[in-house]
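In: fold the following for me, if possible:
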Amino acid sequence: MSGIPLNPATEADLPEIAALSNWAYRGTGPQSSWTVESYLEGERTNEDALRADLAAAPEAQILTWRDAAGELQGHAWLEPGADDVWYLGLLSVRPDRQDRKLGRTLLTAVEDHARERGARRMQMTVINVRDTLIAWYQRRGYALTGEARPFPYGDDRFGRPRRDDLAFVVLERGL
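Out: Residues are numbered from 1 along each chain as shown. Alright, predicted model coming up:
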């Protein structure tokens, strides 16, 4: 067990979740994340998109991690699926604190949370050109499945692509 508190996001959390997601995925400057998606422009998400995604997937939740002072440290999308395979997405931690192993701490906590609720495998999608991030997940036990899913060109909910060769690769790990 990771020992960090995870709580389901509430409506009141959505502005902070959107802000942290955009900072982690699209931030620039000296406190930007090593995982910035520079091949996409625009926001990664916003409150309305989060609200719509949650409404479309009623079993899913965004889990938040706050420190003792109540400051958001990170969050992740978690959704149960068929055959006890759960989907993990939107894993984000504060870029200005990434050198403190927050990402791996949050990942472990989310996996523990899912396992305690019956998950046997965790699955995620990562944009194919994110080699460093894919390698980071592989070091944590995730493996490429060989499956690729199309990038939603024309749907700006995830940002506007600057390249025409984007796709999602599927990674999976047994819990």
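In: please make it C-alpha for all contacts and neighbour counts, starting now.
Out: Will do.
In: counting by contacts, list what the lowest-mean-pLDDT helix or strand in the chain packs against.
Out: Here the helix or strand of the chain ranked lowest by mean pLDDT, DSSP states H and E is strand 40-41, holding a mean of 84. Strand 40-41 sits against strand 160-161, with contacts defined as 3 or more Cα pairs under 8 Å, 6 or more residues apart in numbering; DSSP states H and E.
In: which ones are touching the closest residue to Ile127 other than its chain neighbours?
Out: Nearest residue to Ile127, sequence neighbours excluded (Cα to Cα, 6 or more residues apart in numbering): Phe168, at 4.4 Å. The contact partners of Phe168, taken as Cα atoms under 8 Å, 6 or more residues apart in numbering, are 125-128, 148-151.
In: quick check: next helix or strand after the least confident helix or strand of the chain?
Out: Later in the chain than strand 40-41, the nearest helix or strand by DSSP states H and E is helix 47-56.
In: and that following helix, what's buried?
Out: Within helix 47-56, the residues that qualify as buried by neighbour count (16 or more other Cα atoms under 10 Å) are 47, 50, 54.
In: so how do I select the buried members of the contacts of Phe168 in PyMOL?
Out: Buried subset of these, written as a PyMOL selection, criterion 16+ other Cα under 10 Å:
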select buried, resi 125+126+127+128+148+151
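In: need the three-state assignment for the residue most central in space within the chain.
Out: Centrality entry for the chain: nearest residue to the mean C-alpha point is Leu90, 1.9 Å, by Cα atoms, centre = their mean. Following DSSP: H, G, I helix; E, B strand; the rest coil, we place Leu90 in the strand state.
In: got the contact list for it?
Out: Contacts for Leu90 were tallied using Cα under 8 Å, 6+ apart; they are 21, 75-77.
In: and the longest helix for the chain?
Out: Criterion DSSP state H: the longest helix present in the chain is helix 102-116.
In: quick one: low-confidence ranges for this structure?
Out: Applying pLDDT under 70 to the chain flags the ranges 1-2, 28-37.
In: now with 50?
Out: 1 (pLDDT under 50).
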